[in-house]
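Asks: Here is a sequence with its predicted model. Questions after.
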Amino acid sequence: MKDVAEQLQILRRGVEQIVPEAEFLKKLERSVREGRPLRVKYGIDPTGIDVHLGHTVPLRKLRQFQDLGHTAVIIIGNYTALVGDPSGRDETRARLTKEQVDANACDYLAQVGKIIDLDRAEVHHNGDWFSKWSFLDVLDLTRRMTLGQISAREDFAKRIADEKPVYLHECLYPLMQGWDSVEIRADVELGGTEQLFSLLVARDLQQSQGQEPQIAMTMPILVGTDGVRRMGKSLGNYIGVGEAPENQFGKMMSVPDEPMRQYFTLLTELPMTEVDRLLAPGVNPRDAKEVLGKSIVAQYHGEAAAARAAGEFRRRAAGEDPDEIPTVPLDRSKLDPEGRIPAFVLLKELGLESSTSNARRVVDGGGMTIDVDRRSIADPKERIAVADGLIVRVGKRKIVRVKIVGSPA
RNA sequence: GGGUGGAUACCCAAGCGGCCAAAGGGGCCAGACUGUAAAUCUGGUGGCACUGCCUUCGCAGGUUCGAAUCCUGCUCCACCCA
């Protein structure tokens, strides 16, 4: 095990707050002295399918703990997901069914496994304990907190001020999350800054159960690809860990310049001196972003795929077609006797546009080109002679090769 | 239980008898440009083989030549008082 100073240096990177810091030091020192790993908790609610880079911020921290010899304890919040975490939300979360949650939970682990070494980690579902609770148990838990404490939270306070609803079940969320820490005897819990309240609730609960309270370690909230709002599924500004290399890279490049430092700090291991050099004035931000994009794609798909995605992106930006063009079948019966089809119908049939109305607009706007010579189609009604292997493009990103199927007329 | 305010397209939000497929903003799509799927600017954004037709403004009825707009009932939501 590395000594305390070394561990701290690694663990402090990109961390917002360690509460209380002195206690953390003590725990760490004792851990090194006694050769006893810390139990580091991270909870994730299976509320959606996609694990995105925002989640990877604490997950990567958890991995660092693992690599330093500590124990990663992952809580799959299959019960808390039914409640919905109110943290940082200005409205109540939509309700999930138990079936959705279970299905998501399964999916989650596979994705989390891209970051955490699951063979060395403990995984718990909080339904394992909460599902056995009686109403009396719930009441017992609720007497640990007052309405004043709850409504002091910024997210609730804001909603109350805005005359938006705050439901009682949401108030239970931090208590449930806190109880998870009791169940697994957490030494440290990781979370976003908005989680601080919930992370601290656990301390009270643990103490009430005669346990040593956990340390709260909070990480900044990663901004999404819009560069403004937090990365989140519902905002559609996220990069999923399960996405294809090209998509991940492309989305990375679409992130504005400002949050690049945050991305480097939180999502890569690149030494900060190197980050400073890349972000220095005079260095083309595009190049820095490319390094960033490659580094992130490499984490999930390997160096080779990352390099390929970057190359592909450059080509695409230069207006060239990608290496691999997906093939889409087109039934011969859609064509007229001369083997032609109106442009707008073609786009609809190939699935490049969702409706013929939309297809017409796109063609009108000059967004459609065909063939290797990129002939632009301006009239939606122009009948396109479709040969097998014809390339059809809409904009820069939608590109398809036609495969004619069906028997000759 | 009483009161008040709501429900409009992907989201927010105007509209309050015809000029409404419905303002504006966001998002998204396309074009120009280039540092890129950034920024900026421009156009588009219900459906249909489309110079027209069809279906939308919580639901169901009604008034009217004509309803997102008026009336009745219903459903749902929020806030306030108790």
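Replies: Received it, and whenever you're ready, just let me know what you need.

Asks: What is the neighbour count of A:Asp371?
Replies: 14 (other CB atoms under 10 Å). In short, each C-beta sits where N, CA and C put it, glycine included.

Asks: A:Ile399 now?
Replies: 18.

Asks: For beta bridges, what are the partners of it?
Replies: Note on A:Ile399: beta-bridge partners by DSSP bridges are A:Arg393.

Asks: how close does it sit to A:Arg315?
Replies: 12 Å (CB to CB, to the nearest Å).

Asks: which residues do those two both contact?
Replies: A:321-322 (CB atoms under 8 Å, 6 or more residues apart in numbering).

Asks: Check which helices and strands the lowest-mean-pLDDT helix or strand in chain A sits against.
Replies: Least confident helix or strand of chain A, by mean pLDDT, DSSP states H and E, is helix A:154-161 with a mean of 76. Helices and strands touching helix A:154-161, by 3 or more CB pairs under 8 Å, 6 or more residues apart in numbering; DSSP states H and E, are helix A:147-152.

Asks: Do you know the pLDDT at the residue most central in space within chain A?
Replies: Of all residues in chain A, the one closest to the mean position by CA atoms, centre = their mean is A:His52, 1.2 Å from it. Per-residue confidence (pLDDT) for A:His52: 91.

Asks: cool, and A:Lys381?
Replies: So A:Lys381 comes in at 93 (pLDDT).

Asks: which residues of the stretch 251-400 of chain A fall in helices?
Replies: Assigned by DSSP state H, counting those that start in this stretch, the stretch 251-400 of chain A shows helices spanning A:260-267, A:272-278, A:285-301, A:303-317, A:343-349, A:356-364.

Asks: which helices and strands does the third one pack with?
Replies: By that I understand helix A:285-301. Short answer (3+ CB pairs under 8 Å, 6+ apart): helix A:285-301 packs on helix A:245-253, helix A:260-267, helix A:272-278, helix A:303-317.

Asks: Out of those helices, flag the one nearest A:Val345.
Replies: helix A:303-317 (26.8 Å; CB to CB).

Asks: What residues of that closest one count as buried?
Replies: The neighbour-count check on helix A:303-317 (16 or more other CB atoms under 10 Å) flags A:305-306, A:308-310, A:312-313, A:316 as buried.

Asks: overlap between these and the residues near RNA strand B?
Replies: Taking CB under 7 Å from any atom of the strand as the test, RNA strand B is in contact with A:313, A:316 out of the buried residues of helix A:303-317.

Asks: Including pLDDT, could the buried residues of helix A:303-317 go into a markdown table?
Replies: Output for the buried residues of helix A:303-317, formatted as a markdown table (pLDDT from 0 to 100):
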| residue | pLDDT |
| --- | --- |
| A:Ala305 | 94 |
| A:Ala306 | 95 |
| A:Arg308 | 92 |
| A:Ala309 | 93 |
| A:Ala310 | 93 |
| A:Glu312 | 88 |
| A:Phe313 | 90 |
| A:Arg316 | 84 |
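
Asks: Could you point out which of the buried residues of helix A:303-317 is nearest to A:Leu267?
Replies: Out of the buried residues of helix A:303-317, the member with the shortest distance to A:Leu267 (by CB to CB) is A:Ala306, at 13.2 Å.

Asks: from what I can see that closest one touches A:Ala298, true?
Replies: Yes. Using CB atoms under 8 Å, A:Ala306 is in contact with A:Ala298, at 4.0 Å.

Asks: On the three-state scheme, A:Thr56 is what?
Replies: Judged by DSSP: H, G, I helix; E, B strand; the rest coil, the three-state class of A:Thr56 is helix.

Asks: Look at it and say how many residues are nearby.
Replies: 26.

Asks: same check, this time on the one 10 residues further on
Replies: For A:Gln66, the tally of surrounding residues (other CB under 10 Å) stands at 18.

Asks: And it, how far from RNA strand B?
Replies: 31 Å (CB to the nearest atom of the strand, to the nearest Å).

Asks: Likewise for A:Leu141?
Replies: 24 Å.

Asks: From A:Ala105, how far out is the closest residue in space to that residue that isn't next to it in sequence?
Replies: Leaving aside its sequence neighbours, A:Leu141 sits nearest to A:Leu175 (CB to CB, 6 or more residues apart in numbering; 5.2 Å). Distance check for A:Leu175 against A:Ala105: by CB to CB, it reads 21 Å.

Asks: Now do the host helix or strand of A:Leu199: which elements does it pack against?
Replies: Per DSSP states H and E, A:Leu199 falls inside helix A:196-208. In terms of contacts (3+ CB pairs under 8 Å, 6+ apart), helix A:196-208 is packed against strand A:17-19, helix A:168-184, strand A:188-192, strand A:215-219.

Asks: Not counting its own residues, what contacts it?
Replies: A:17, A:19, A:85, A:87, A:144-145, A:153, A:173-175, A:177-182, A:185-186, A:189, A:191, A:212-214, A:216, A:218.

Asks: Can you select the buried ones from these in PyMOL?
Replies: The PyMOL selection below is limited to those of those classed as buried (16+ other CB under 10 Å):
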select buried, chain A and resi 19+85+87+145+153+173+174+175+177+178+179+180+181+182+186+189+191+213+214+216+218
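
Asks: what stretches of the stretch 51-200 of chain A score poorly on pLDDT?
Replies: Low-confidence segments of the stretch 51-200 of chain A, defined by pLDDT under 70: A:84-96, A:162-163.

Asks: who in the stretch 151-300 of chain A is up against RNA strand B?
Replies: Selection of the stretch 151-300 of chain A residues close to RNA strand B by CB under 7 Å from any atom of the strand yields A:163-166, A:226-227, A:236-237, A:246-247, A:249-251, A:253-254, A:256-257, A:284-286, A:289.

Asks: hmm, which of the residues you listed are the buried ones?
Replies: Among these, those classed as buried by 16+ other CB under 10 Å are A:166, A:237, A:246, A:249-251, A:253, A:289.

Asks: Identify the farthest-apart pair in those.
Replies: Longest span within these, CB to CB: A:Val166 and A:Glu246, 42.4 Å.

Asks: how distant is stretch A:32-39 from the center of its chain?
Replies: In this view, stretch A:32-39 has its centroid 31 Å away from the chain centroid, taken as CA atoms, centre = their mean, to the nearest Å.

Asks: Pull out the CA atoms of it and give them to me as CSV.
Replies: Presented in CSV, the C-alpha positions along stretch A:32-39 are these (Å, rounded to 0.1, in the frame of the first residue of the first chain):
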residue,chain,number,x,y,z
VAL,A,32,-2.1,2.3,6.1
ARG,A,33,-0.8,1.5,9.6
GLU,A,34,-3.1,-1.5,10.1
GLY,A,35,-3.1,-2.5,6.5
ARG,A,36,-6.8,-2.4,6.5
PRO,A,37,-8.5,-1.1,3.4
LEU,A,38,-11.2,1.7,3.6
ARG,A,39,-14.7,0.8,2.6
